[in-house]
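Undergrad: Got a predicted structure plus its sequence, pasted below:
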Amino acid sequence: MSRENILHRVRTALGRSAGQPAAEPPPPRIVVPVVEIEARIASMRTRVEALAGKTMRAPSPEAACALVAAELDGRTAVASNAPFLAECGIAALPGVQSGITDREELRQACAVADVGITSADYALADTGTLVMIASPAEARLVSLLPPAHIAVVPSGRILTGLDELFAVVPQPAEVTSSMVLITGPSRTADIEQFLVRGVHGPGAIAVVIVG
Amino acid sequence: MSVEFDRKIHETLTDANLQLAIYGSTARLKQGRIDTVGALPDYQELRTQANAVKKHAIENLDYYLEEFERNVEARGGKVVYCKDGTEVSDFVLGLAKEKDARLIVKSKSMTTEEVDLNERLEHHGLESVETDLGEYILQLAHEKPYHIVAPALHKTRYDVADIFTENLHVPRETVIEKQTALARSVLREKFLAADIGISGANFLVADSGAVVIIENEGNARLTTSAPKVHIAVAGIEKVIPRAQDLAVFLKLLARSATGQLLSVYTSFLAGPRRPGEVDGPDEFYVVLLDNGRTKLLPDRSKRQSLYCIRCGACLNTCPVYRKIGGHSFPWVYSGPIGAILTPQFMGVSHEPGLPFASSLCGACGEVCPVKIDIPKILLELRSDVKKSETREKQNRLEKLAFRAFAWLMTHPMLYELAGRVAASMAPSADGRWINRVPPLMNLPPVKAWLSQRDLPPPPSRSFRELWRLR
C-alpha cells in the first residue's frame, strides 16, 4: 500500500522512526499592530476602492438598509441567512430572496439573481479583505455565483490584518469547513496580462460599513 | 544539451512576437513584486520565518503528514497517498465509477500537470475541464503551461480567438473582455453540471486538516463548492504545521507572484460541509502525491527545493527564462525552479543541459520568498551532471582539449608564441568584433561555440610585450 511505502521512504530519508515526535517548531510569527477604529475603517475603504470596489458607510442598521436598497436599484438579489441582514431589514427588501436552507434551491436562486448579499465575519483593513466563514447563516455560493456582491459589515468587525485574524481565529477548522478571504472583485489577466473583472465570481463588489 | 532543448531555445529566440510577450508579461509581474514587497517593512523577517517553517516541516515531514491525515479524517474527509500519476488516476476513476460521474471540473494545479491527469481521465472516457481561463485556453490548444502563475502568457488575443473559434464553434472574437465572458458562460454550465471538482492545494495545514487554495478568478471556489465531491491533489511537501503560519505565507505569496497584497480568493477548506451548512461538498478527499518527491529528501542541501510555494518570482526575474521562455524547458516546471526540480524528479540525464541554462547571476535566490538557494543547487546539479557524464565517458575529447590547454598555460614561452601566431593569423576585424573566421577554424564543434559568441580582434601587441616595454 502506498501510504506505508511513502511514509517509510520519508522516514528513511530523514533518519526518523515511526511515531517519533516532531522537533520543536519555530514559534508562530503573529504581530498585531494597534490601530484605532476610524483608521481601520479608512484603510478598509481605501483598499477596497483601489481594487475597483465600492464602499459606503451607514451610521445605523436602518441607514444600511436604505443604502443597500439604493444600490440594488430594482435588481434581484439573494441574501444570506446572516442574522445581521435580517436585523437591518435587508432580507425583507423587495426583490430580495432570503432564508434558503436547501442546497439545490440556493443554487438555482444564486444562478439567476443579479446580486448576492452577505454579511462578513471579519474584514481586514490593510488589504481590503472580507472574511467569509461558512455556516448555516452564510452559504458559500451567495458571494460567488451572482455577478455582483454586496457585503454589509458592522464596523467593529474590521480587524487590522491577517495577523489579527489568525490571533482571533487561530483554528478556523474548529468553527467551519470553509473560511474564504475575498479581496476585491473576481479578476483575470490571463490573456496578454490585460485585466478583466468578473471572470467566474462577481465582477463588482460593494462594502457597506455599519456604525 | 539535447537537440530538442537547443531547437526549442532557438525557436523562441527567433520569434519576435513571443520575445515581446515574454518580456512584457514578466516585466509587469516583476515590477508588481518589487512595488509590493518594497512596501513591507518586515519583508526579510517574513522570508526568514517562512524558510524556518518550511525547513522544519520538511525535516519532520512524516510527523506532519500523519497529523494532517488524522485531522482531515476527524472532520469527515479522507486522505489517499499516491506514489505516481497512475495511482492518482486509478483513484479518481474508481471514485467516478462509484458515483457514476461523467463530468469533472478542475481548477489550476501544477501537481496534476505533473502527472497528466486530464489526459489520463479523458483516456477513460471522462470529461475533465480546466476552468482557470489560461488553463482552459491551453487545454483547448493541447499545450502545457508556459509559466507557473501565468499559464497562457505566450498567447495573444488573436491566438485565443483562433482557439475559441475552432473548438467552441463560435464567431471569431478578438476583444479580451468578450473572450473572457464567453469562457465564463461556457464554464458556468460545466460548474453547475459537474459531479466532481478537482483542485490543487497551495498549503496543507497539519493542525487543521485543511487545504488552502489561492486564486483570482473564483473558479477554484466554484470547483470546491459546487460539485458534491471535492478532491484536492497536492504534493506531500505542501504541508505546514499550523494555521497561524498562513499569516506569514499569505503575505509573501501574492506579493511575490503577481504584486497583489492578497490574491482575490484564499480558501481555507477543512472537510466536507458540516451539518446545517447550506452548500459545499458532501465528500472531501485529499490525494497526497509523491511522484519523486521522496527522492529529494536524503540530500540535506538539495531538499530545500521542496520549500517552493510556486509563486513564479524566480521566472520573472531570470534573464534566461525571459529569453528562452517556458516551453523550452523539458518538463512542466520552467525557469530557475524548473531547472532545479526537473533534474531531481526526472534524473540528471533527462536533460543534462538544464542546470547549465543559467548565468548564475543569483537573482532567483534573491527574490525567492522562502529563501531557496537556487544558485547553489544549480551548481550542485552541474556537478551531478558532470559526474554522471564522466561515468558514461562521453567527454574524452573535451578532456583532451582541456589537458592540452592546461599544458599550454603552464608553459609561458609556448603560450606567448601561440598568442603571436594567433595574432598574425587574425581574421579581418570590422570595428569592435571579428566577423569572419578562417574556414578551417569554423568547423564543429568550434563552429557551434563561435555562433553564439562575439570575439574581439587580438591586439597588435600582447599584454606581455607591453609589460616588457614599460
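TA: Now that the structure is in, tell me what you want to look at.
Undergrad: which is the next helix or strand following the longest helix belonging to chain B?
TA: Criterion DSSP state H: the longest helix present in chain B is helix B:16-38. Remark: after helix B:16-38, the chain's next helix or strand is helix B:43-59, criterion DSSP states H and E.
Undergrad: ok, residues contacting the longest helix of chain B?
TA: Residues from elsewhere that reach helix B:16-38 (C-beta atoms under 8 Å, 6 or more residues apart in numbering or on different chains): A:192-193, B:12-13, B:43, B:147, B:149-150, B:153-154, B:156, B:254-261, B:312-313, B:315-317, B:321-323, B:325, B:367. To be clear about C-beta, it is placed using only N, CA and C from the backbone, and glycine gets the same treatment.
Undergrad: What are the buried residues along the helix or strand hosting B:Ala181?
TA: Element membership for B:Ala181 (DSSP H and E) is helix B:176-193. In terms of neighbour count (16 or more other C-beta atoms under 10 Å in any protein chain shown), helix B:176-193 has its buried residues at B:176, B:179-181, B:183-184, B:186-188, B:190-191.
Undergrad: Tell me how many other residues surround whichever residue of the stretch 301-450 of chain B sits closest to chain A.
TA: Using C-beta to the nearest C-beta, the single residue of the stretch 301-450 of chain B nearest to chain A is B:Arg303, 8.2 Å away. By other C-beta atoms under 10 Å in any protein chain shown, the residues close to B:Arg303 number 22.
Undergrad: Next up, phi/psi of it, please.
TA: phi -60, psi -20 (degrees, to the nearest 10).
Undergrad: residues contacting it?
TA: B:Arg303 neighbours (C-beta under 8 Å, 6+ apart): B:58, B:296-297.
Undergrad: again with A:Gly211
TA: A:Gly211 makes contact with A:58-60, A:154-156 under the criterion C-beta under 8 Å, 6+ apart.
Undergrad: if you set the cut-off to 7 Å instead, what comes out?
TA: For A:Gly211, the contact set (C-beta atoms under 7 Å, 6 or more residues apart in numbering or on different chains) comprises A:154-156.
Undergrad: from what I can see, A:Ile205 looks like it's in a helix, true?
TA: No. Secondary structure of A:Ile205 (DSSP: H, G, I helix; E, B strand; the rest coil): strand, not part of a helix.
Undergrad: Excluding covalently adjacent residues, which one is nearest to it?
TA: Among residues not flanking A:Ile205 along the chain, A:Gly53 sits closest, at 4.3 Å (C-beta to C-beta, 6 or more residues apart in numbering or on different chains).
Undergrad: Now do the same contact list for the one you found.
TA: A:128, A:184-185, A:205-207.
Undergrad: just A:Val96 next, same as before
TA: A:77, A:79, A:90, A:117.
Undergrad: So which of the residues you listed is the closest to B:Gly76?
TA: Nearest to B:Gly76 out of the contacts of A:Val96 is A:Ala79 (C-beta to C-beta; 28.6 Å).
Undergrad: Wait, A:Leu14 touches B:Leu297, no?
TA: Yes. Taking contacts as C-beta atoms under 7 Å, A:Leu14 lies within contact range of B:Leu297: 6.0 Å.
Undergrad: In contact with residue 117, which residues?
TA: By default, I'm working from chain A. A:Ile117 makes contact with A:68, A:77, A:79-80, A:85, A:90, A:96, A:150, A:152, according to C-beta under 7 Å, 6+ apart.
Undergrad: Switch to chain B, please.
TA: Neighbouring residues of B:Leu117 by C-beta under 7 Å, 6+ apart: B:85, B:88-89.
Undergrad: any idea which of those is closest to B:Ala422?
TA: With C-beta to C-beta as the yardstick, the closest approach to B:Ala422 among the contacts of B:Leu117 comes from B:Gly85, at 54.9 Å.
Undergrad: what separates the closest one from B:Gly125, distance-wise?
TA: As defined by C-beta to C-beta, to the nearest Å, B:Gly85 lies at a distance of 18 Å from B:Gly125.
Undergrad: mind checking the end-to-end distance for stretch B:302-322?
TA: 25 Å (C-alpha to C-alpha, to the nearest Å).
Undergrad: Give me the average confidence score over it.
TA: Averaged over stretch B:302-322, pLDDT sits at 98.
Undergrad: confidence score at residue 160?
TA: Looking at chain A here, since you left the chain open. So, for A:Thr160, pLDDT stands at 98.
Undergrad: Sorry, I should have been clearer: chain B.
TA: B:Val160 is assigned a predicted lDDT (pLDDT) of 97.
Undergrad: Spit out the contact partners of the closest residue to chain A within the stretch 101-250 of chain B.
TA: Chain A sits closest to B:Gly218 of the stretch 101-250 of chain B, with a gap of 2.7 Å, by C-beta to the nearest C-beta. Listed by C-beta under 7 Å, 6+ apart, the contact set of B:Gly218 reads A:144, A:186, A:199-201, B:265.
Undergrad: Check the residues you listed against A:Val31 and report the nearest one.
TA: Lowest distance from A:Val31 to these (C-beta to C-beta) belongs to B:Tyr265, with 24.6 Å.
Undergrad: So what's the residue count around that closest one?
TA: 25.
Undergrad: what does A:Val153 give?
TA: A count of nearby residues for A:Val153, using other C-beta under 10 Å, gives 24.
Undergrad: confidence score at it?
TA: For A:Val153, the pLDDT comes out at 98.
Undergrad: Tell me the pLDDT of the closest residue to it other than its chain neighbours.
TA: Take A:Val153 and drop its neighbours on the chain: the residue closest to it by C-beta to C-beta, 6+ apart is A:Ala120, 4.7 Å away. With respect to pLDDT, A:Ala120 scores 98.
Undergrad: what about A:Ala120, neighbour count?
TA: 24.
Undergrad: State the helix or strand in which it lies.
TA: Under DSSP H and E, no helix or strand contains A:Ala120.
Undergrad: still on that earlier bit, the spatially closest residue to the residue of the stretch 101-250 of chain B closest to chain A that is not a sequence neighbour in helix, strand or coil?
TA: Spatial nearest neighbour of B:Gly218, chain neighbours left out: A:Gly201 (2.7 Å); criterion: C-beta to C-beta, 6+ apart. Following three-state DSSP, the label given to A:Gly201 is coil.
Undergrad: Can I get the longest helix of chain B in PDB, CA atoms only?
TA: The C-alpha trace of helix B:16-38 is given here as PDB (Å, rounded to 0.1, in the frame of the first residue of the first chain):
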ATOM      1  CA  ALA B  16      10.000  38.300 -32.200                       C
ATOM      2  CA  ASN B  17       6.400  38.400 -31.100                       C
ATOM      3  CA  LEU B  18       7.000  35.700 -28.500                       C
ATOM      4  CA  GLN B  19      10.000  37.600 -27.200                       C
ATOM      5  CA  LEU B  20       7.900  40.700 -26.800                       C
ATOM      6  CA  ALA B  21       5.100  38.800 -25.000                       C
ATOM      7  CA  ILE B  22       7.500  37.100 -22.500                       C
ATOM      8  CA  TYR B  23       9.500  40.300 -21.900                       C
ATOM      9  CA  GLY B  24       6.300  42.400 -21.300                       C
ATOM     10  CA  SER B  25       4.500  39.900 -19.100                       C
ATOM     11  CA  THR B  26       7.500  39.100 -16.900                       C
ATOM     12  CA  ALA B  27       8.400  42.800 -16.600                       C
ATOM     13  CA  ARG B  28       4.900  43.600 -15.300                       C
ATOM     14  CA  LEU B  29       4.900  40.700 -12.800                       C
ATOM     15  CA  LYS B  30       8.400  41.600 -11.700                       C
ATOM     16  CA  GLN B  31       7.600  45.200 -11.100                       C
ATOM     17  CA  GLY B  32       4.500  44.300  -9.200                       C
ATOM     18  CA  ARG B  33       6.600  42.200  -6.900                       C
ATOM     19  CA  ILE B  34       9.100  45.000  -6.400                       C
ATOM     20  CA  ASP B  35       6.400  47.500  -5.500                       C
ATOM     21  CA  THR B  36       4.500  45.400  -3.000                       C
ATOM     22  CA  VAL B  37       7.400  43.700  -1.400                       C
ATOM     23  CA  GLY B  38       9.200  47.000  -1.000                       C
END
